[in-house]
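Trainee: 3D model of this:
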Amino acid sequence: MDAVDSRILELLQTNSRITMSEMGRIIGMTPPAVTERVRKLEDKGVISTYRAVLAPEKLGKGIAAFILLQSYSCSEINEFCKNEPDVIDLYRISGQHNFLLKVRTKSMEAMEEFTNRLGAYGNSTTLIVLSTRFEQKALVPDIEE
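Mentor: Residues are numbered from 1 along each chain as shown. Next comes the predicted model:
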């Protein structure tokens, strides 16, 4: 991973629809050279997918929360979260709690209903997001010398 690969990844994370021509202009490379670099990053699995970043508020999911869960049924909580459309992310963590969920709902009432359903799987602490300073910040790889 060199500085050029790092810059390509930064540009793609900012705008995955950027053309190879535009990327080449910014980086100072020809479009075929950029295309080859991107293909190699895909082949190595560094780039795993391309996706759209949606605005939750525009989709009626304006309430966000992080929920710490202490559960003794890992497989059941995995299945529950896979089937819950309001669960955006699920992390297995260390410490007093063993799961961290990121949840998006349309209202506080919907959040309460969700936490009530979640209660069947263990004890939880809900942290409501008041505002977001930044989200999905670009991941910057270490550059090999």
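Trainee: measure the residue lying farthest from the centre of the chain to F80 for me?
Mentor: No residue in the chain sits farther from the centre than T30, which is 31.1 Å out by CA atoms, centre = their mean. Separation of T30 from F80 (CB to CB, to the nearest Å): 50 Å. Where you see a C-beta, it was placed from the backbone N, CA and C, and this is true even at glycine.
Trainee: do S94 as well
Mentor: 21 Å.
Trainee: same thing with L139?
Mentor: Taking CB to CB, one finds L139 at 29 Å from F80.
Trainee: Those two - which one has more neighbours?
Mentor: F80 (18 against 8; other CB atoms under 10 Å).
Trainee: residues in contact with that one?
Mentor: Applying CB atoms under 8 Å, 6 or more residues apart in numbering, we find F80 in contact with 117-118, 121.
Trainee: buried ones in stretch 4-11?
Mentor: Using 16 or more other CB atoms under 10 Å as the test for burial, stretch 4-11 gives 5, 7-9, 11.
Trainee: Using CSV, lay out those residues together with secondary structure, pLDDT and distance to A52.
Mentor: Below are those laid out as CSV (DSSP: H, G, I helix; E, B strand; the rest coil; pLDDT from 0 to 100; distance: CB to CB, whole Å):
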residue, secondary structure, pLDDT, distance to A52
D5, helix, 95, 23
R7, helix, 95, 22
I8, helix, 96, 19
L9, helix, 96, 18
L11, helix, 95, 16
